[in-house]
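Asks: sequence and computational prediction follow.
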Amino acid sequence: ERGYASVGVRDVAAAAGVSVGTVTYHFGSVQEILSEAMILHIERYYAALNEATEQATSGAEGLRLLVDALFTEDTDRHWRMWFDYWNAGEQGADEAFASGQAQRYEAWHRQIRQLVERGVAEGEFTCDDLDGVTVRFAALADGLALQHLRQAPPLTTEDARRHLNRLIETELAR
């Protein structure tokens, strides 16, 4: 709610309904607690998203579901966590955290690529640059999310979806 850097041990203890001593007994630092919380949140978010796209009737539908899920009225919290997660990886986090972060981002790219590959195999898309489309989709999604959070310039969830869908139409047109 306030960002990764604004949380202290007392905040964690109050939110958990436990004493500060209990928190410090189980965790070595606030960063450790917040890192675990971020990892849990992000893994749960992407596991549910991955499951939904895998159950889609086609690659194109899966990609549309992905776009719709990335930008809703409820995803601002996720995007704040995602950007804090990135930032934490740059702030001297331990090797296991950095490795987990890299694996999460690789899984995100794999998910996008698999949906595009599936759409191509099903004849819904044409694509001669799967890696490039994957990078551009992920970069656009991240950039739109940051712009939406900052509202500079203003960007609605509908406009963010429209931009991602335009990328799909332009890059993957049959």
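Replies: Cool, the structure landed. Residues are numbered from 1 along each chain as shown.

Asks: off-centre distance for the helix or strand bottoming out on mean pLDDT in the chain?
Replies: Within the chain, confidence by mean pLDDT, DSSP states H and E is lowest for helix 76-90 among all helices and strands, at a mean of 77. Put simply, helix 76-90 sits 8 Å off its chain's centre (C-alpha atoms, centre = their mean, to the nearest Å).

Asks: and the next element down the chain from that helix?
Replies: Next helix or strand after helix 76-90 toward the C-terminus (DSSP states H and E): helix 95-121.

Asks: helices and strands around that following helix, which ones?
Replies: helix 30-54, helix 59-70, helix 76-90, helix 130-150, helix 157-172 (3 or more C-beta pairs under 8 Å, 6 or more residues apart in numbering; DSSP states H and E). Backbone N, C-alpha and C define where each C-beta goes, glycine included.

Asks: and it, which residues are buried?
Replies: 97, 100-101, 104, 108, 111-116, 118-120 (16 or more other C-beta atoms under 10 Å).

Asks: show me the shaky parts of the protein.
Replies: 1-4, 89-94 (pLDDT under 70).

Asks: and the residue of it positioned farthest from its centre, what element?
Replies: Most distant residue from the mean C-alpha position of the chain: G21, 32.9 Å away (C-alpha atoms, centre = their mean). Element membership of G21, judged by DSSP H and E, is helix 20-26.

Asks: relative to L144, how far out is the closest residue to A69 other than its chain neighbours?
Replies: For A69, ignoring the flanking residues on the chain, the nearest one in space by C-beta to C-beta, 6 or more residues apart in numbering is L49 at 5.4 Å. Separation of L49 from L144 (C-beta to C-beta, to the nearest Å) stands at 16 Å.
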